[in-house]
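Peer 1: Any chance you could fold what I've pasted below:
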Amino acid sequence: MQSRLQPAATTVSVTSGQAVTLSALHINCADPNGNVTVTVNPGNQTIVLVDDGLAPDQAAADGIYTGTFIPTSGGYTLAFPRGDVVTVEVPNATYDSSAKRRRAERPVRSVIPVCFSTGGTRSREELKGTSRTPSMGPVPTGRPAPITMPSR
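Peer 2: You can find the predicted model right below:
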């Protein structure tokens, strides 16, 4: 019996240099049945999947043969045995220099200390608030001006 396990999808999109793990089950009556060869095109390169328990293979002699493919750019086809084909796409990164950077709209949090004076005692409180308007000016800094409250 022979069956591809990884990649699970028939089309995979990865970044340049990102490793793609390849694995296939290859057994005969529950016994491991030999290495599996995957052909990579363009280039007609071959990758031999092994069952040796060394990374990326998880366990030796379990019938699961594993290897790694590291694409650089463009598109590739990985031909597993029995006509099973996987497409690996490495999209080209593009940059639009005419695009303006957008500032994420986040709440602006402010804490304003306010001094209160009543009957000869002073207390310092904080007024807290948020604003979702990024165009509001900065909160003044420095020592707050005292606010005198009339006594009753």
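Peer 1: Show me the strands in the protein, by range?
Peer 2: For the chain, the strands defined by DSSP state E cover 2-6, 11-13, 20-28, 31-32, 36-41, 45-49, 64-69, 74-80, 84-90, 108-118, 121-131, 146-148.
Peer 1: Mean pLDDT lowest where, among these?
Peer 2: With a mean of 49, strand 121-131 has the lowest mean pLDDT of the strands of the chain.
Peer 1: Residue ranges of each domain in this structure, please.
Peer 2: Following automatic domain parsing, one finds the domains of the chain at 2-90, 108-148.
Peer 1: For the closest residue to residue 87 other than its chain neighbours, give its distance to residue 43.
Peer 2: Leaving out its chain neighbours, the residue that sits closest to residue 87 by CB to CB, 6 or more residues apart in numbering is residue 11, at 4.6 Å. For glycine as for every other residue, the C-beta is placed from the backbone atoms N, C-alpha and C. To residue 43, residue 11 is 19 Å away according to CB to CB, to the nearest Å.
Peer 1: who's residue 87 bridged to?
Peer 2: With beta bridges defined as DSSP bridges, residue 87 has these partners: residue 11, residue 77.
Peer 1: thought it was touching residue 9?
Peer 2: No. When contacts are counted by CB atoms under 8 Å, residue 87 is not listed as touching residue 9 (9.2 Å).
Peer 1: more crowded one of the two?
Peer 2: Shown here are residue 87 and residue 9; by other CB atoms under 10 Å, residue 87 has more neighbours (14 against 9).
Peer 1: Identify the residues contacting the more buried one.
Peer 2: Applying CB atoms under 8 Å, 6 or more residues apart in numbering, we find residue 87 in contact with 10-12, 75-78.
Peer 1: Including neighbour count and distance to residue 18, could those go into JSON lines?
Peer 2: Listed next are the contacts of residue 87 as JSON lines, based on neighbours: other CB atoms under 10 Å; distance: CB to CB, whole Å:
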{"residue": "10", "neighbour count": "11", "distance to residue 18": "18"}
{"residue": "11", "neighbour count": "11", "distance to residue 18": "15"}
{"residue": "12", "neighbour count": "19", "distance to residue 18": "10"}
{"residue": "75", "neighbour count": "14", "distance to residue 18": "14"}
{"residue": "76", "neighbour count": "20", "distance to residue 18": "12"}
{"residue": "77", "neighbour count": "12", "distance to residue 18": "17"}
{"residue": "78", "neighbour count": "23", "distance to residue 18": "14"}
